[in-house]
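>>> what's the 3D shape of this:
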Amino acid sequence: MLALYFALTIIGSISFNWGFETSQSYIFSIVPGNDGTMWCATAGGIIHYDPAGGWLDSLAYPDQMPWISAIDLHFDNSLMWVATGGGGLALLQEDSTWKIFTSYEGIPGSGYVYSVYDAGGYIWVGSDGGLSRGNTDSFLPIDSDLTGGAFTATKVMDIAGIDNTMYLATDRGVYALDLTGSIYNPGSWTSHEDSTLTLGIDDIYIVSADSVFGYGSGGVSQMIGDSWIRLLDYSTSTDSVVTGLLLTEDGLIAACRKVLLYNGGVWEHYGSGYPDGRYASCLSEVFGKIWCGYGLLAANCCDTGNGLGYLDNGTWENLPVPGMGAPSCYQMAWDENRVYLGSHRVGLMANYPDSGWTAFNNLTADMPHSLRTYSAAKSSSSGIWTGSYHWGLTWIEDRGTYSMDDDTVITYVSDSLPDLPSEVVQIVSPLLNNQVIMLTSQGGALLVAQEAFWQTPDEPSGIVAVSGEPEGGILQWTSRTESDGLANKNIQMMFPCGGDSLWIAFASENGCQLLVHGGDPTDKSSDTWYPGYGQAYSTSWGLSSNKVFCFARNAGGDILAGTGNGISRWNGDLFVDVAGVSGSVKAMQVDNNGVIWCMTEAAIYSIDEGNVTEFTRSNSIYISTNRMENEFSSINPEDGTVYFSSIAGLWSILSQQSQEDSPDLLFYPQPFLPVEGELHMAWSGSEDQIEVRFFSLTGEYLGCVPADSWEEWIFDGTLDGAALASGVYVVLVDRDGDVFRCKIAVVR
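Numbering: from 1, shown residues only. From the prediction side, this is the model:
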């Protein structure tokens, strides 16, 4: 369903397909190729564009790129040098293999490379550790000791040159190097620290020996003789930055908020049609056209853009990059053959099997906002639910087409949102506030977790249950707050277990709580709270940490809590430690084979019948991230693929022990009406002992019904004493080690 790149990892006798998908929408630099095509370094790898024929194949991690992001590109005949955002300097050789240069090969720093430049017979590299020069064999770090104290910078953001002079934008201002001299000779170096250190220069643009410019967070500056003067002052504008410069026949233009032209000492908008309130991420003139990285949402956002922009007869046009719109992603939801994924910047991303990715946000649909769209969930009602933090709860009736013209969007708020277009439908409703952290469903109702998990709520907060059909206009709302028995109003995560149990994790080291209701989340009359009314489970109950981030249910039916110090298992009375996993468990999922998967700050772990395996870059394609904001996991109910969201993109793991369809496996009657009898199984072949595991369409494990043979197997409509609600369920039948998949429909 998703266009993922797979790599195979084998641990012992178990094999997994690993996949990764991220966004290539943010463009750092645009470089012409030798064949009339363009190459773009992006936050998600390298994209290749033919102005005459459209998008070509991209290079992405892990199959075609050694790292996720590309910052700068340089072509040297048949070789391509790539500055990566964390993986060092990469060289694509003639045989299509990669050679990597890191600190061990002379590139100083932690692996973040900003610039690659070719001059004086060397490749020069600017990185987060300083400057180095070399060739295809090795590199030499250049520092204060090597230069006799002439070069003291420890971070080099850009390198450019003209004739025999090379200029560097560094953390100590601008330096110049005379390439006819020696790097070891202090006389070859000129420091412009006194005149440039406070100018906020991150990049250099050179037109001629007399036209040297610097630009970045401080605006635009020009070198006049030995001095520098500002042409555009952003020194006091924390939300403004210049990301590119270009001299055209009309004058000097700058990529910043829109694209600006310097004309007679005044900066004015250049070209029409560029979206309001959006930045350009770079500038380049290629094949007779002016190109830019298009539609950047904020000056300080270096991962989410909107592809390429180009100037056509004075009007800016947009070429969106195919694929995910944003790498920083959150909660997933499944609706038929469509996948929905929350994002930090572009709203609710949606993947359509025949058309690819798009996004619901305030630019493409009648949504109130696009920032911090953490949530995505499917309930028994039609449509999909999401929420933009601070901007309420939104319901989308997606008609199943790539176009959004025929969709219905309704936003529910506790207080009216100001300054929204008239097209945005907002309905004041009994939400506790306008903050939505995550969503889940249980008993036919949508459950809404409210308020931020990184601060103490300053307004009513808790959990809200919603049922009914939004398009019909009749909804039932039920809230649960501290006055109802909730232990804390700052909700981080909810996990439905069966039809009547809801595990709740609280932020700020406040532990977790269990709510048992009567099977209808909108009815509070039979609520029972564990360990008690207004009380939470903590380390005194055996939790390994009072920080609880997530939950899962293993194949044996036990509840697992992902904490700030590994995994704790609820045994019915106390929590006990699960050995083998260390660190903060950010997200957790149990796959269709009963393997427990969890993601920490450092690794992804698998736990298979007590055997723990740690996956890092040493034995998989996984690259860890340290975001502890709100991670999510999900499982594809069709094939059992486990997903983890991260700041880098979407990771996936598919076990090679995937289930098969059996043409002669049959459950009857279908649909199954529990009031009329029991569900039976019809099959052929061996009469070995079998186990039937039930999962919701969102991947939640619900329970297991075993039998000595398929002929003896019956199901009365209950799992662990709880009645299974009406709906469609995935069942996995395990017979003699082989796993077969079916679906059943329950109608009550």
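>>> what pairs with the residue nearest to T394 when sequence neighbours are not counted across the strands?
Nearest in space to T394, with sequence neighbours left out and distances taken as CB to CB, 6 or more residues apart in numbering, is T411 at 4.6 Å. Backbone N, C-alpha and C define where each C-beta goes, glycine included. Per DSSP bridges, the residues bridged to T411 are T394, Q426.
>>> I'd say T411 and L393 touch.
Yes: under the criterion of CB atoms under 8 Å, T411 makes contact with L393 at 6.9 Å.
>>> give the next helix or strand downstream of the helix or strand of the chain with the lowest mean pLDDT.
Lowest by mean pLDDT, DSSP states H and E among the helices and strands of the chain is strand 5-11, with a mean of 40. Moving toward the C-terminus from strand 5-11, the next helix or strand (DSSP states H and E) is strand 14-21.
>>> residues near the residue nearest to V425 when sequence neighbours are not counted, how many?
Setting aside the residues directly before and after it, V425 is nearest to I410 in space (CB to CB, 6+ apart), at 5.0 Å. Residues lying near I410 (other CB atoms under 10 Å) number 20.
>>> same check on D523?
By the measure other CB under 10 Å, the count of residues near D523 is 16.
>>> look up how far W67 lies from it.
Using CB to CB, to the nearest Å, D523 is found at 52 Å from W67.
>>> so what pLDDT did the residue nearest to T394 get?
pLDDT for T411: 96.
>>> ok, now which ones touch it?
Neighbouring residues of T411 by CB atoms under 8 Å, 6 or more residues apart in numbering: 367-368, 391-395, 417, 424-427.
>>> ok, and the most crowded of the residues you listed?
Counting neighbours by other CB under 10 Å, the top entry in these is T394, with 31 neighbours.
>>> for P470, see how far away that one is.
10 Å.
>>> pull up the overlap in contacts between those two.
Jointly contacting T394 and P470 under the rule CB under 8 Å, 6+ apart are I410.
>>> I'd guessed G244 sits against S281; true?
Yes: shown here, G244 and S281 form a contact pair, counting by CB under 8 Å, at 7.5 Å.
>>> could you give the number of residues near Y729?
Residues within reach of Y729, counting by other CB under 10 Å, total 20.
>>> please, which helix or strand holds it?
Under the criterion of DSSP H and E, Y729 resides in strand 727-735.
>>> check V612 too.
Using DSSP H and E, V612 falls within strand 611-615.
>>> partner strands of the following helix or strand past that strand, with direction?
Next helix or strand after strand 611-615 toward the C-terminus (DSSP H and E): strand 633-635. With DSSP bridges as the test, strand 633-635 is paired with strand 642-645 (antiparallel).
>>> in its sheet, which strands sit next to the helix or strand just after the strand it pairs with, and in what direction?
Proceeding N to C from strand 642-645, the next assigned helix or strand is strand 650-655, under DSSP H and E. Applying DSSP bridges to the sheet, strand 650-655 is found paired with strand 14-21 (antiparallel), strand 642-645 (antiparallel).
>>> distance between the last one and the chain's centre?
What that stands for is strand 642-645. 10 Å (CA atoms, centre = their mean, to the nearest Å).
>>> I'd like the numbering to begin with 290 instead of 1 from here.
Got it, the first residue is 290 from now on, which makes the last one we talked about strand 931-934.
>>> quick one on the thing from earlier: biggest separation within the contacts of T700, which pair?
Spatial extent of the contacts of T700 (CB to CB) is set by the pair W684 and L706 at 15.3 Å.
>>> L775 against P749, yeah?
No: L775 is beyond contact range of P749, at 11.2 Å (criterion: CB under 8 Å).
>>> neighbour-wise, which of those two wins?
Taking other CB under 10 Å, L775 and P749 do not tie; L775 has more neighbours (24 against 16).
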